[in-house]
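> Just the structure for this:
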Amino acid sequence: MPTDSKTPGQLLPNQKCAQQILEDIPTVMRVLRSIAQDNAGGLSVPQLRTLALLSRGLGVSVSDVAAHLDVTTPTASALVDRLVRKDYVQRRHDPMERRRVILTATQKGREVFEASRTHAQDLVANLLSSDPPESLSKISEGLTLLAKAAKLYNFNSHSHSNSNSGSNLDRSPSKSSESP
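Numbering: from 1, shown residues only. This is a model prediction of the structure:
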């Protein structure tokens with residue numbers, strides 16, 4: 001968008017919105033991380049995000065987890081190892097590609113993730129309970145627009161890069177069911 005049609009010191013609406021997002025999102029994320037971990041059975045937010053990904057029932061590899069979390073494969077592997085030891089994740093060999101290991105959430109892992117997501121959703125709903133419905137609609141609409149722009153950016157930036165990860169988990173501009 002053009003930035004030259006403003007008077008000095010005055011922000012365009014998209015610039016003002018971007019400024020507010022950059023100022024407010026860190027505070028919101030700190031609260032969400034705290035809420036997510038309150039009922040997560042000692043799991044970190046990356047572990048919860050991994051369980052969210054695996055609970056979708058896709059054929060997910062450690063490389064896919066690494067791409068989803070934006071971490072290295074060894075970091076993702078160590079995280080998955082901890083989840084396997086807690087019986088939240090199961091490894092199995094891909095019947096189509098013997099060297100590939102497929103990760104799935106166990107029933108226990110899905111239950112822990114769902115309990116954490118439900119708890120977080122209830123706490124956030126309680127935080128918003130005094131706001132009028134019109135304000136809540138504005139928040140929802142704004143978050144939808146922000147998520148759409150972020151997913152489009154992610155899709156476009158990855159479709160123009162030479163990434164070798166082979167993962168398409170976070171690259172489509174479709175809606176995610178992940179919470180924490």
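> mind listing the helices for the chain?
13-38, 45-55, 62-69, 73-85, 107-127, 133-159 (DSSP state H).
> now the fifth one against helix 133-159, angle please.
On the basis of axes from the mean of the first three to the mean of the last three Cα atoms, to 10 degrees, helix 107-127 is oriented at 130 degrees to helix 133-159.
> for the first one, same thing?
Between helix 13-38 and helix 133-159, the angle formed by their directions is 100 degrees, by the same axes, to 10 degrees.
> Which strands or helices does helix 13-38 pack on?
helix 45-55, helix 107-127 (3 or more Cβ pairs under 8 Å, 6 or more residues apart in numbering; DSSP states H and E). Using the backbone N, CA and C atoms, a C-beta is placed for each residue, glycine as well.
> which parts of stretch 100-110 are buried?
Neighbour-count burial for stretch 100-110 flags 101, 102, 103, 104, 105, 106, 109, 110 (criterion: 16 or more other Cβ atoms under 10 Å).
> Stretch 86-99 now?
86, 88, 89, 90.
> From the residues you listed, which land in strands?
89, 90 (DSSP state E).
> Going by distance to residue 24, which of the buried residues of stretch 86-99 wins?
Closest approach to residue 24 among these (Cβ to Cβ): residue 88, at 32.4 Å.
> Quick one: residues contacting the nearest residue to the closest one once chain neighbours are set aside.
Closest residue in space to residue 88, ignoring its immediate chain neighbours: residue 109 at 3.3 Å, by Cβ to Cβ, 6 or more residues apart in numbering. Listed by Cβ atoms under 8 Å, 6 or more residues apart in numbering, the contact partners of residue 109 are 51, 54, 55, 83, 86, 87, 88, 89.
> got these as TSV, with pLDDT and distance to residue 97 columns?
Output for those, formatted as TSV (pLDDT from 0 to 100; distance: Cβ to Cβ, whole Å):
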residue	pLDDT	distance to residue 97
51	94	24
54	96	18
55	92	23
83	96	22
86	94	27
87	96	25
88	95	24
89	96	19
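> Can you lay out the residues you listed as a markdown table showing distance to residue 134?
As requested, the contacts of residue 109 are exported to a markdown table (distance: Cβ to Cβ, whole Å):
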| residue | distance to residue 134 |
| --- | --- |
| 51 | 35 |
| 54 | 38 |
| 55 | 34 |
| 83 | 41 |
| 86 | 43 |
| 87 | 45 |
| 88 | 40 |
| 89 | 42 |
